[in-house]
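Peer 1: Fold the stuff below for me.
(2 chains)
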Amino acid sequence: MKLLTHNLLSSHVPGLRPGGGFPLRIELGHPSELPPEPLPNYEADEEFLRRLHHVLLEVEVLEGSLQCPDSGRRFPISRGVPNMLLTEDEA
Amino acid sequence: FYDEAEARKYTQNSRVVEIQSQMSERAVELLGLPEDRPCLLLDVGCGSGLSGDYISEEGHYWIGMDISPAMLDVAVEREVEGDLLLADVGHGIPFRPGMFDGCISISAVQWLCNADKKSHSPPKRLYRFFSTLYTALARGSRAVLQLYPENSEQLELITAQAMRAGFIGGMVVDYPNSAKAKKFFLCLFVGTSGTLPKGLGTESANEELHQAKFTNERTRFRNVKGKSVKKSRDWILEKKERRRRQGKEVRPDTKYTGRKRRPHF
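Peer 2: Have a look, this model is predicted:
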């Protein structure tokens, strides 16, 4: 799963607050190569843009999980594919 | 849905690959995407990524959802460009609002009509699918869903739930006169009222007959003048809507609106 896709995902469990279920927290033990906040002039900073492009489109999360910020519910990721199947009770 | 053996057979069958590829091409064509830039599409029931491969060839990006782990495994092995999600679209589309420039689905939506589990009825699953899909699509975008309806009741059920969810649009039928080549594409618009594309293999004189257009307007029980029969429930609802538009105070519509009263009324 590319990080760009992660940016678009939200939990679809019914009953969350409006606008809830996003962003899903990625859990794995891998430090990021990016600074925590973008610098003021980031659009002109070629090196930053290169690294941003790399992280968004070329880094894939293979194993780990996504955690809903509201319910704490975890969606496991295996071989790069998140499992978003809901249980009977949740759906 | 497909298990491992079937998944492999499906993806290796050259005739299947050819047909899926043609239908993907037609579906993307019906999306009417802007020509100058790459778009982000959702592929519902992406399976082993056959339709996704076509989307990538056209220079667009895609995210696919499928309920079969075996089919997705094949897609992973084939190293498809798009990202994959193991999910049941009858549970909803797990994306933030307005994320996609379009959606296609090849031979998948009719599966939502199967009542595998006891707890959720097909209409409920269909509605959940369509309403969350509507939210996930950007304004002005389209969903083109190729499907094999079992019968006209199933077709009506599917289109009714799509309408309830807010979509407008209609069915485009390619080659309606050929039993073998006939293909159904449900074309749904978000927001704007685009013109419904024409089906292939139809003579221009016969086109109107083969396309079932629908909108959110209540068009049942229209008489020859195109007006609802006076005093029917539809007529009452339309009149109330008219008065709302005029800014007048109108009671809300409930299940009691226009219901038959006891004869002494």
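Peer 1: hey, where'd the helices end up in chain A?
Peer 2: Ranges of helices in chain A, per DSSP state H, are A:3-8, A:46-53.
Peer 1: Could you pull out the buried residues of the last one?
Peer 2: Using 16 or more other C-beta atoms under 10 Å in any protein chain shown as the test for burial, helix A:46-53 gives A:48, A:52. (Glycine included, C-beta is placed from N, CA and C.)
Peer 1: That one and chain B, are they touching?
Peer 2: No. Helix A:46-53 is not in contact with chain B by C-beta under 8 Å from any C-beta of the partner chain; minimum separation 13.5 Å.
Peer 1: and that helix, what's its mean pLDDT?
Peer 2: What helix A:46-53 shows for mean pLDDT is 82.
Peer 1: so which of the helices of chain A gets nearest residue B:83?
Peer 2: helix A:3-8 (4.3 Å; C-beta to C-beta).
Peer 1: Can you pull out the low-pLDDT segments for the chain?
Peer 2: Just so you know, I chose chain A. Using pLDDT under 70 as the threshold, the predicted model of chain A has low-confidence ranges A:29-43.
Peer 1: Hmm, no, I was thinking of chain B.
Peer 2: Applying pLDDT under 70 to chain B flags the ranges B:11, B:116-119, B:193, B:202-228, B:265.
Peer 1: Would you map the strands across it?
Peer 2: Secondary structure of chain B (DSSP state E): strands at B:40-44, B:61-66, B:83-86, B:100-106, B:137-147, B:168-174, B:183-189, B:212-214.
Peer 1: Let's have the ones you listed in TSV, adding distance to residue A:71 and mean neighbour count.
Peer 2: Converted to TSV, those look like this (distance: least, C-beta to C-beta, whole Å; neighbours: other C-beta atoms under 10 Å in any protein chain shown):
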stretch	distance to residue A:71	mean neighbour count
strand B:40-44	24	25
strand B:61-66	21	24
strand B:83-86	19	25
strand B:100-106	24	25
strand B:137-147	25	22
strand B:168-174	34	21
strand B:183-189	31	22
strand B:212-214	37	15
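Peer 1: Dump those to a markdown table, plus distance to residue B:21.
Peer 2: Formatted as a markdown table, those follow (distance: least, C-beta to C-beta, whole Å):
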| stretch | distance to residue B:21 |
| --- | --- |
| strand B:40-44 | 13 |
| strand B:61-66 | 15 |
| strand B:83-86 | 19 |
| strand B:100-106 | 9 |
| strand B:137-147 | 12 |
| strand B:168-174 | 15 |
| strand B:183-189 | 13 |
| strand B:212-214 | 27 |
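Peer 1: mind checking which of those is nearest chain A?
Peer 2: Smallest distance to chain A across those (C-beta to the nearest C-beta): 4.3 Å, for strand B:83-86.
Peer 1: now the closest one, how far from the chain's geometric center?
Peer 2: Relative to its chain's centre, strand B:83-86 lies at 20 Å (C-alpha atoms, centre = their mean, to the nearest Å).
Peer 1: Identify the residues contacting that strand?
Peer 2: Outside strand B:83-86, the residues within contact range by C-beta atoms under 8 Å, 6 or more residues apart in numbering or on different chains are A:1-2, A:5, A:80-85, B:46, B:49, B:62-67, B:69, B:72, B:75-76, B:94.
Peer 1: PyMOL command for the buried members of these?
Peer 2: The following PyMOL selection, which keeps only the buried ones among the contacts of strand B:83-86, applies the criterion 16+ other C-beta under 10 Å:
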select buried, (chain A and resi 1+2+5+81+82+83+84) or (chain B and resi 46+49+62+63+64+65+66+67+69+72+75+76+94)
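Peer 1: What is the burial count for residue B:254?
Peer 2: Residues within reach of residue B:254, counting by other C-beta atoms under 10 Å in any protein chain shown, total 8.
Peer 1: Residue A:10 reaches residue B:93, doesn't it?
Peer 2: No. Using C-beta atoms under 8 Å as the test, residue A:10 is too far from residue B:93 to be in contact (9.7 Å).
Peer 1: These two: who's more crowded?
Peer 2: Set side by side, residue A:10 and residue B:93 show unequal neighbour counts under other C-beta under 10 Å, the larger going to residue B:93 at 26 against 22.
Peer 1: I'd like to know which residues of chain A are adjacent to chain B.
Peer 2: With C-beta under 8 Å from any C-beta as the criterion, chain A meets chain B at residues A:1-2, A:5, A:8-12, A:14, A:21-22, A:79-86, A:88, A:90-91.
Peer 1: Can you tell me which of these end up in strands?
Peer 2: Per DSSP E, the residues of chain A next to chain B map to strands at A:81, A:82.
Peer 1: separation between residue B:183 and residue B:145?
Peer 2: As for residue B:183, its distance to residue B:145 is 11 Å (criterion: C-beta to C-beta, to the nearest Å).
Peer 1: Revised request: answer the last question for residue B:20.
Peer 2: Distance of residue B:20 to residue B:145, given as C-beta to C-beta: 14 Å.
Peer 1: again, but for residue B:240
Peer 2: Between residue B:240 and residue B:145 the distance, using C-beta to C-beta, works out to 33 Å.
Peer 1: any idea how far the most far-flung residue of chain A relative to its centre is from chain B?
Peer 2: Most distant from the centre of chain A: residue A:44, at 25.5 Å, with distances by C-alpha atoms, centre = their mean. Plainly put, residue A:44 is 23 Å away from chain B if you go by C-beta to the nearest C-beta, to the nearest Å.
Peer 1: Number of residues surrounding the nearest residue to residue A:10 once chain neighbours are set aside?
Peer 2: In space, residue A:10 comes closest to residue A:22 once its chain neighbours are excluded; the distance is 3.7 Å by C-beta to C-beta, 6 or more residues apart in numbering or on different chains. Residue A:22 sits with 18 neighbouring residues when counted by other C-beta under 10 Å.
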